[in-house]
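1. Fold the following for me, if possible:
(chains A and B)
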Amino acid sequence: MKKLFIAILCFATSWAQAQEVVSAKQLLTNLAEAVHSRNFDASYVVVKGKAMEPYRWLHGKKDDIEVEFLSLLNGAGLEMVRVGNQVTYFEPQSEPYAIDTDSIAGPIPEVLFKDISVLESHYDFVLGGKGRIAGRAAQLVRIESKDENKYNYWLWVDVESSLLLKAAFVNQTGEMLEQLQLTHLSITEEPVAQLLEIAGRDFPKALPKVTTQAAKDAKDNWRIEWLPKGFELLKSDRHKLDLNNELADYYLFSDGLVDVSVFVQRPLPGKRPSGALTSGATTVYVHNSGRFDVSVVGNIPAMTAKSIAESVTRPL
Amino acid sequence: MTNANKHASLEQTTSDIFDGEVGHSFEMLNGLEHDKFVRYALIGDAMRAENEKSICIDITAQVAAALESEPTYNMSHNEQASDIRAEAVNDDVKSNVISLARYKKPLAQFAIAASVCLVALVGVNNNTTQSELNNTLPSLQTMPLTGSVSPVSLSTEQPAIENAAQGLRELQQQRIGALVLEHQRQSRMAYALQQAKQLEEQKKASDVTEEQN
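-> Reported below is the predicted structural model:
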């Protein structure tokens, strides 16, 4: 009798777990669909330590073409406009430029607007509790890293509209490092007038799609021996950085949720120790390996960034 | 209380209400003249620059009228007209892309080029590198820690070392700023790149299966 009971219990828990995974994933799928199909006007803030960035986020559909607008409201500002499959970035320090892609790379990881099943091999989707966020009923969904080398990403999804209400990068001890919180959300039948007006504007032509082949490939210049599981090389080249005109061998990696940049540069003069700087979830690890400097930038723990930076060697 | 006193205190209350120094009640509000109320509200708003719209007095009509009657100097009618046309053409060209961006003058804003994120980061950086540098640059520690250096004992090398250390800090800060900005920019393309890569892989896979067939 006891055995039977245990067997039933085991079955029940595994069944419940299976159900849970399905529904957590379903919630994320619904979220991806909702951000593409609804007309909404939202405001959110991103809190990184003591710093705070307020954003306005508009989305709507005009004649079946999606129009999206994301604007950083503080400082010199930053505006991102998406019309259909083209995103244009307006930055304070440079000419506007456009990229052929169907989602804005803002503070919300793009994969959440898409098919999140690409994350399944390296992250678990877990249902959390219910709560009230931005005055609405919200369901917590946790995207948990399968190993300790990456942060977890928690999302609170609006029960009614399936839109995102809150999101946070959470470290392995459960501490929230960087939070994104909606302060206002209104869902409308028709897109707001501002969007319709933006949709009628002219935008610069998109940059040529993938320029990796055209640029000098730097793949073989350095060997990056270690990366957390799931990270793939997306791009490598040698180019000058915009701000200080310094030459760098550049490598871009992604695991689908977070992006990591690796820079190899000539060393700066003077003896300097290696070290990490953090802002919210973003880590900058500068490794001084003597004859060259390796810097790693991305939303990863400092220890991970350190391991990546220290694994860079000259090719044999 | 004399009349004058009463008047003065009323003024004071009005002003206080708008400065948010006292809570107000209906009785108090009733005691104020409507004009004065509006005026004080306006002054308050202007001082706090709270609501630019409310103090937007529309004088465009008057200005336009004044300009109309303004005599023109050193310019024939033809020149004037062509000038206006040239401007109009210019406007047409410009309005193409920059209409959204008020960022057309990038150089002026280069100082604030770093986004909010960047500033925050460099802020952190400031502290850490400073202490780190202090630890590793013994030359800096030759500085007297307390009191000021008297002009006589001031070594001529000191400012040079200081400048060098400062320069290095700035160099490193600048580099870190550039790295973060570059990461932000590059990661905008990450998703598109990933999709392109996946498509390529799928294509390869389908090619292989076709060959096998």
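
2. Mind giving me the packing neighbours of the lengthiest helix in chain B?
-> If you go by DSSP state H, chain B has its longest helix at helix B:157-212. If you count contacts as 3 or more CB pairs under 8 Å, 6 or more residues apart in numbering or on different chains; DSSP states H and E, helix B:157-212 packs onto strand A:97-100, strand A:232-240, strand A:247-254, strand A:259-265, strand A:282-288, strand A:293-298, helix B:116-136, helix B:138-141. Using the backbone N, CA and C atoms, a C-beta is placed for each residue, glycine as well.

3. and the angle for it with strand A:247-254?
-> 50 degrees (axes from the mean of the first three to the mean of the last three CA atoms, to 10 degrees).

4. angle of helix B:157-212 against strand A:282-288?
-> 110 degrees.

5. now the angle between strand A:259-265 and helix B:157-212, please.
-> Using the same axes, to 10 degrees: helix B:157-212 against strand A:259-265 is 120 degrees.

6. at contact distance from chain B, anything in stretch A:194-202?
-> Yes: shown here: stretch A:194-202 in contact with chain B (CB under 8 Å from any CB of the partner chain) through A:Ile198, A:Arg201, A:Asp202.

7. shaky segments in the chain?
-> By default, I'm working from chain A. Within chain A, the segments meeting pLDDT under 70 span A:1-22, A:208-216.

8. meant chain B, my bad for not saying
-> Using pLDDT under 70, chain B drops low at B:1-38, B:40-61, B:70-158, B:213.

9. do that again at 80, thanks
-> B:1-162, B:164-165, B:208-213 (pLDDT under 80).

10. what about A:Phe125, which SS state?
-> strand (DSSP: H, G, I helix; E, B strand; the rest coil).

11. actually B:Gln62, not the one I wrote
-> Strictly by three-state DSSP, B:Gln62 counts as helix.

12. Just list the residues touching it, thanks.
-> If you count contacts by CB atoms under 8 Å, 6 or more residues apart in numbering or on different chains, B:Gln62 has none.

13. any idea how far it lies from chain A?
-> 29 Å (CB to the nearest CB, to the nearest Å).

14. Chain neighbours aside, what residue packs nearest to the residue nearest the centre of chain A?
-> Nearest residue to the geometric centre of chain A (CA atoms, centre = their mean): A:Pro109, 2.8 Å. Closest residue in space to A:Pro109, ignoring its immediate chain neighbours: A:Leu257 at 5.3 Å, by CB to CB, 6 or more residues apart in numbering or on different chains.

15. Same question for the one you found, what's its three-state structure.
-> coil.

16. Verify the contact between it and A:Phe125 for me.
-> No: with contact defined as CB atoms under 8 Å, A:Leu257 does not count as touching A:Phe125 (11.7 Å).

17. Now list whatever residues contact both of those two.
-> Listed contacts common to A:Leu257 and A:Phe125 are A:Leu119, A:Ile143; contacts here mean CB under 8 Å, 6+ apart.

18. For A:Glu246, see how far away the nearest residue to A:Arg291 once chain neighbours are set aside is.
-> In this structure, A:Arg291 finds its nearest non-sequential neighbour in A:Pro267, 6.8 Å apart by CB to CB, 6+ apart. The gap separating A:Pro267 from A:Glu246 is 11 Å, by CB to CB, to the nearest Å.
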